[in-house]
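*Asks:* Compute the structure for the input listed below.
(chains A and B)
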Protein chains: 2
Amino acid sequence: MYNHSRNKTLGKTLAKTLVAAGALALASSSSATAGGSKVTWEDLLNDHKTNGDVLSYGLGLKAQRWSTLDQINSDNVGRLTPKWSFSFGDEKQRGQESQALVHNGVIYVTASYSRMFALDVKTGKKLWQYSARLPEGIRPCCDVVNRGAAIYGDMVYMGLLDASVVALNKKTGKVVWKEKFGDHEAGYTMTGAPFIIKDKKSGKVMLIHGSSGDEFGVVGRLFARDPMTGKELWMRAFVEGHQGRLNGKPSTYTGDKKAPSWPEGDYKNTGKVEAWSHGGGAPWQTPTFDVESNTIVVGTGNPAPWNTWKRTKKGDDPRNWESLYTSGQAYVDPTTGDMVGFYQHTPNDAWDFSGNNEIVLFEKDGKKYGAHADRNGFFFVTDQEKLTKRGGKINRPLSLVAAHPFVPDISWAKGFDLKTGKPIEVEGQRPPMPEPGKKQGKKIQVTPNFLGGKNWNPMSYNPETGLFYIGANHWTEDYWTENITYKKGAAYLGQGFRIRKQFDTHIGALTAIEPMTGKIVWTAKEKLPLWSGTLSTKGGLVFTGTSDGYVKAFNAKTGKELWKFQTGSGVVSIPITWEMDGKQYIGIGSGYGGAVPLWGGDIADLTKPVSQGGSFWVFELPKELAAK
Amino acid sequence: MYNHSRNKTLGKTLAKTLVAAGALALASSSSATAGGSKVTWEDLLNDHKTNGDVLSYGLGLKAQRWSTLDQINSDNVGRLTPKWSFSFGDEKQRGQESQALVHNGVIYVTASYSRMFALDVKTGKKLWQYSARLPEGIRPCCDVVNRGAAIYGDMVYMGLLDASVVALNKKTGKVVWKEKFGDHEAGYTMTGAPFIIKDKKSGKVMLIHGSSGDEFGVVGRLFARDPMTGKELWMRAFVEGHQGRLNGKPSTYTGDKKAPSWPEGDYKNTGKVEAWSHGGGAPWQTPTFDVESNTIVVGTGNPAPWNTWKRTKKGDDPRNWESLYTSGQAYVDPTTGDMVGFYQHTPNDAWDFSGNNEIVLFEKDGKKYGAHADRNGFFFVTDQEKLTKRGGKINRPLSLVAAHPFVPDISWAKGFDLKTGKPIEVEGQRPPMPEPGKKQGKKIQVTPNFLGGKNWNPMSYNPETGLFYIGANHWTEDYWTENITYKKGAAYLGQGFRIRKQFDTHIGALTAIEPMTGKIVWTAKEKLPLWSGTLSTKGGLVFTGTSDGYVKAFNAKTGKELWKFQTGSGVVSIPITWEMDGKQYIGIGSGYGGAVPLWGGDIADLTKPVSQGGSFWVFELPKELAAK
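*Replies:* The predicted structure follows:
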């Protein structure tokens, strides 16, 4: 309607324009002046120590989400107040799950529908906007979310829903390169934040990113790229016996070429069952990086299909068929892209527990550990020395140090046997096969449900309290098997479910846990599911968001809620903090969506009153409390 | 996707669901507990005096938008901070032009796409949501906006884009009645807030509302309804010689049945030119009400088509053909629905100046006046005694008391002649007819442009400073005629245009004007157009919003900007204030849209970086500054 001379055709055209959602795409401006200076590897290496910026998903390579800023603290956090808010616009809302980055006075935040915004820290003014033009037929399982960007040199990077990665000039938002890594119509997509590492051996800085799509029967893949050009350096497939790629050529097999953890069969001349060709394991969350051992650490997705019997030799015990390397934590060598170590949280995962959740690297008494709160309800502590060691068997159950339940009444396993490193499964908790002639198997109840004791929303670690802070959920499900055959682009589950309440009082449970003992020090309950990451600060605080719209701060020691602010839509993103000109800020996105309203059964109904939204918020203390 | 058993068809279905904008309609909750007690006529009569609620568009029947609250004042407004924000959600954004109402702890705010929300004042929690199901083929000229609700008894009322009015139970949001008043495919629509009055003679409380659609050649109509049932009491057509309706039967003609202000012609046996049958004059903004004289006061829309020659006898001077009763202020008797008085701001309006803007009723030295800032650039003061008097000629040019320019360099008229009450037109400022054989007439420059020195965004009056505060704009346009023939549902303009900048420095100009002298006491300039209403308070403040996202407070005496907050999308709504439990609040919507991005030519381009949005905000002082 900008064309004034078209006013004769205003009638129908305008009416249509106006009612068509998203009609008026407000295009991007590129009057950026901020955003200068390049981000170096040293900047990224020190991200956890420098308070003036946020350069990595996880606020550092170990993803502890810990800041030594303490201007905002338990004494004054009650006075925290919005500095500004920014609307993502475009008549596009849905889930906003992004963790923002901050560099040189500019916030880089991704948004639903594969968008990125560069915002001026001081005013919230939009410097530029990138909106991917998405093709028909994309298949994000769990909403059109994006979880964040990576930054390096003069570029920012993000994954797109059409299974590609894009590099943008950080000053202008213009595309520098774009690489497609999978067939989006088959189910490949990307929602996780990419990650920058440096390979100690080659000296190459690399952009590492995974793929999503386990619910559609694609094989999970991890990629390394040249951040300057987007060129693939290597690719690692996460199903045992699938081949990787190095410098454009086929490389090693993942683990044993014969894939003994998957049954033999006659699917398309593979000698394996159908599931092996479509086996999932997607590393869709963001890795961490152990600099000393030069190892990428990343969670691997659920096996596909969900149905355990499709991955078990007929008549045999599923526990004999682990579906490697799914539902575990994988250790990958950046020089070769080879998998060098693995610990499986849920062998032959029958419950879509997946293993994607972040592995936070931390030290205790001079020893290096990985901490991981799994959808299966257990908090895993793993021995990093054992898992990053080169050579020997890749699957290392004995690297388990501890597996503590962090949600109540876990039904599928009594615990983990530290002698074997494996779960002590409860009989009857693998949903049985349908009886002959039936479409569905017998319904059983499983706790936690497949959305997990904790889902993607990352936890944080406070080295001063020694506690991890988990956005956990207490819920259960009815679960049953269904017959399934792979069909490209269709859901590949073989499982039916109904997510249900476990308690009348709450679902969400912000949980402070001591990693070595498993002691739950405190729990703060929420009526709706928790789907927001946590942030820990030296101010003695834990920040998170709630599905009913609040950003909240808790006392890290006691769990007392000290502050909240209502943002108008559910908060399912990740808080960050940084300082600028002597003042500490908190930043977080608001906008409800994600897996719960799509898959959550009874709980989805509970969240119906929550408005959709799409905004980014910056909070600060009043002037008199934020002394320079 | 809530149906868990449908997971086999998840693939394509889910993908489609997820990319289709607005796919997941988050349905409304109706767990309302607040919102009790009925609103009486006395409540409405005293709305301007009672600070605990906001019950009418205009904050009182005279629409002065003046509050005697002063807890927030020029000393402490710099400390104003958001209390909460609410997202309208639904993947529906665009222009949010609504003025909210407040009653009994509940905010009733309408939103784009004909929605209404009931929100808890204290928490921002949604109590219920109403979303009209809009048909195909609606024709809002200037975005899918809504400007607000009316409240009476236990109902709230709003107009819908499909040319209907709906009454909702204010506790539940359920539809009590819905009345269609026009053919939306012909161009009838409704974006203005309805208004409650009480007819002194019959004692009947009435819901008064207008229609929109001048750009599509529909005849403007004002309606009175029984607020309990929605039944039409009367209808008044605003083109001279058209007939009204009373109690379901044809009633009086509007003015002279022969309509001497429109040329004779041979259109469809009317004896008149085509334009007379499609003559516009829509009263699409909200009336005010003079209780003493029992008179509804409302602005009337532009004549249709815009092209002056289509409403002028061939070869004659347009000034001899006034196109009554368009582009003026109309006075209507609530008992009969008869028009009883009229003053025309722009006789035979050739510029789409329209006359819709609100007529604010005020007193000075014991005399009653109407104040009106017109799109034509003049601030009109009219004599209410003369205009509300019953009997005699309806069109009363001599009721003009003053017409002051409130924007610079008005090009179409030198001023108004108080002896005739008519403009002193500048020759050559009516865009000339196309030369024979040409499609377009010669281009001329007109100031202000058709979006006006001030558009719909209502001004406020501060009886203590004696000033009116106008969200004015300084801009110009290229203007030319085009040939036009009426076609149902198509734009009926006969005019082409290109909106342009007048100054490099600014467009918006918040303007404080003394009504009797026309003295402009101060002006606060804005880079982008002002499209937000103003609010005046005893705290010595003027509140308004800006297209670049700020809510701002100004010193009422000096125009000094004292406070601003960035809401993330353009603010084009109307601020309100009220108190609850001893604390004063400010409420305002955020969400860019309206006529400027659709019609604004060069200025639309300027606004492209502004994000769309859809949220409501409540602001408060920190606890220590808001003593009970």
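*Asks:* Now whichever residue of the stretch 351-500 of chain A sits closest to chain B: which helix or strand?
*Replies:* The stretch 351-500 of chain A approaches chain B most closely through A:A491 (3.3 Å), counting by Cβ to the nearest Cβ. For the C-beta atoms, the positions are set from N, CA and C on the backbone; glycine is no exception. If you go by DSSP states H and E, A:A491 is not part of any helix or strand.
*Asks:* Over to A:A403?
*Replies:* Using DSSP H and E, A:A403 sits within strand A:400-405.
*Asks:* strand partners of that strand, parallel vs antiparallel please.
*Replies:* strand A:378-383 (antiparallel) (DSSP bridges).
*Asks:* Next secondary structure after the lowest-mean-pLDDT helix or strand in chain A?
*Replies:* Lowest by mean pLDDT, DSSP states H and E among the helices and strands of chain A is helix A:10-19, with a mean of 38. Later in the chain than helix A:10-19, the nearest helix or strand by DSSP H and E is helix A:41-45.
*Asks:* Which residues outside that following helix are in contact with it?
*Replies:* A:T50, A:D53, A:L55, A:S56, A:L61, A:Y152, A:I196, A:K198, A:V205, A:V291 (Cβ atoms under 8 Å, 6 or more residues apart in numbering or on different chains).
*Asks:* what's the burial count for the second one?
*Replies:* Neighbour count of A:D53, defined by other Cβ atoms under 10 Å in any protein chain shown: 22.
*Asks:* isn't it right up against A:D47?
*Replies:* Yes: applying Cβ atoms under 8 Å, one finds A:D53 in contact with A:D47, separated by 7.2 Å.
*Asks:* so who does A:L246 touch?
*Replies:* A:L233, A:W234, A:T252, A:T336, A:G337.
*Asks:* For the second one, which three-state class applies?
*Replies:* A:W234 falls in the strand class when you classify it by DSSP: H, G, I helix; E, B strand; the rest coil.
*Asks:* measure it to chain B for me?
*Replies:* Computed as Cβ to the nearest Cβ, to the nearest Å, the A:W234 to chain B distance reads 29 Å.
*Asks:* Contact partners for that residue?
*Replies:* Residues in contact with A:W234 (Cβ under 8 Å, 6+ apart) are A:F223, A:A224, A:G244, A:R245, A:L246, A:N247, A:S251, A:T336, A:G337.
*Asks:* Can you go through those and name the buried ones?
*Replies:* Neighbour-count burial (16 or more other Cβ atoms under 10 Å in any protein chain shown) is assigned, among these, to A:F223, A:A224, A:G244, A:R245, A:L246, A:S251, A:T336, A:G337.
*Asks:* Report the two of the residues you listed separated the most.
*Replies:* A:F223 and A:T336 (13.6 Å; Cβ to Cβ).
*Asks:* Count the residues that sit near A:P347.
*Replies:* Per other Cβ under 10 Å, the neighbour tally for A:P347 reads 24.
*Asks:* With A:V542 instead?
*Replies:* By the measure other Cβ under 10 Å, the count of residues near A:V542 is 30.
*Asks:* which stretches of chain A aren't confidently modelled?
*Replies:* Within chain A, the stretches with pLDDT under 70 are A:1-36, A:627-628.
*Asks:* let's see it at 50
*Replies:* For chain A, the stretches with pLDDT under 50 are A:1-33, A:628.
*Asks:* Break down it into its helices, ranges please.
*Replies:* Ranges of helices in chain A, per DSSP state H, are A:10-19, A:41-45, A:274-277, A:384-388, A:595-599, A:602-606.
*Asks:* With respect to burial, which of the ones you listed scores highest?
*Replies:* helix A:595-599 (a mean of 26; mean count of other Cβ atoms under 10 Å in any protein chain shown).
*Asks:* wait, does that one make contact with chain B?
*Replies:* Yes: counting by Cβ under 8 Å from any Cβ of the partner chain, chain B has neighbours in helix A:595-599: A:P597, A:L598, A:W599.
*Asks:* closest to chain B among those?
*Replies:* The shortest approach to chain B among these belongs to A:L598, at 4.7 Å (Cβ to the nearest Cβ).
*Asks:* thinking that closest one is in contact with A:A604, fair?
*Replies:* Yes: between A:L598 and A:A604 there is a contact at 7.0 Å, judged by Cβ under 8 Å.
*Asks:* what distance separates stretch A:233-244 from the middle of the whole chain?
*Replies:* Distance, stretch centre to chain centre, for stretch A:233-244: 21 Å (Cα atoms, centre = their mean, to the nearest Å).
*Asks:* Then stretch A:109-129?
*Replies:* Centroid separation between stretch A:109-129 and its chain, computed with Cα atoms, centre = their mean, is 20 Å.
*Asks:* Identify each buried residue in it, please.
*Replies:* Using 16+ other Cβ under 10 Å as the burial criterion, the residues of stretch A:109-129 that qualify are A:109-121, A:124-129.
*Asks:* Out of the contacts of A:W234, list just those in strands.
*Replies:* Taking DSSP state E, the ones among these that sit in strands are A:F223, A:A224, A:G244, A:R245, A:L246, A:S251.
*Asks:* closest to chain B among those?
*Replies:* Nearest to chain B among these is A:F223, at 22.8 Å by Cβ to the nearest Cβ.
*Asks:* list the contacts for A:A556?
*Replies:* A:A556 is in contact with A:S74, A:N462, A:E464, A:T465, A:L467, A:Y469, A:A512, A:S536, A:G540, A:L541, A:V542, counting by Cβ under 8 Å, 6+ apart.
*Asks:* Would you mind listing the buried residues in stretch A:410-422?
*Replies:* Within stretch A:410-422, the residues scored as buried using 16+ other Cβ under 10 Å are A:I410, A:S411, A:W412, A:A413, A:F416, A:G421, A:K422.
*Asks:* Now the two most distant members of those residues.
*Replies:* A:S411 and A:G421 (20.9 Å).
*Asks:* which phi and psi does the nearest residue to A:K314 once chain neighbours are set aside have?
*Replies:* Nearest non-adjacent residue to A:K314, counting by Cβ to Cβ, 6 or more residues apart in numbering or on different chains: A:P263, 7.8 Å away. The phi/psi pair for A:P263 (degrees, to the nearest 10) reads phi -70, psi 150.
*Asks:* ok, now which ones touch A:P263?
*Replies:* A:K272, A:V273, A:W276, A:R311, A:T312, A:K313, A:K314, A:D316, A:W321.
*Asks:* can you tell me how far it sits from B:E427?
*Replies:* Going from A:P263 to B:E427 by Cβ to Cβ, to the nearest Å gives 93 Å.
*Asks:* Out of the buried residues of stretch A:410-422, name the ones that lie in strands.
*Replies:* Secondary structure from DSSP E places A:A413, A:F416, A:K422 of the buried residues of stretch A:410-422 in strands.
*Asks:* Go back to those residues and keep what's next to chain B.
*Replies:* Filtering those for proximity to chain B by Cβ under 8 Å from any Cβ leaves nothing.
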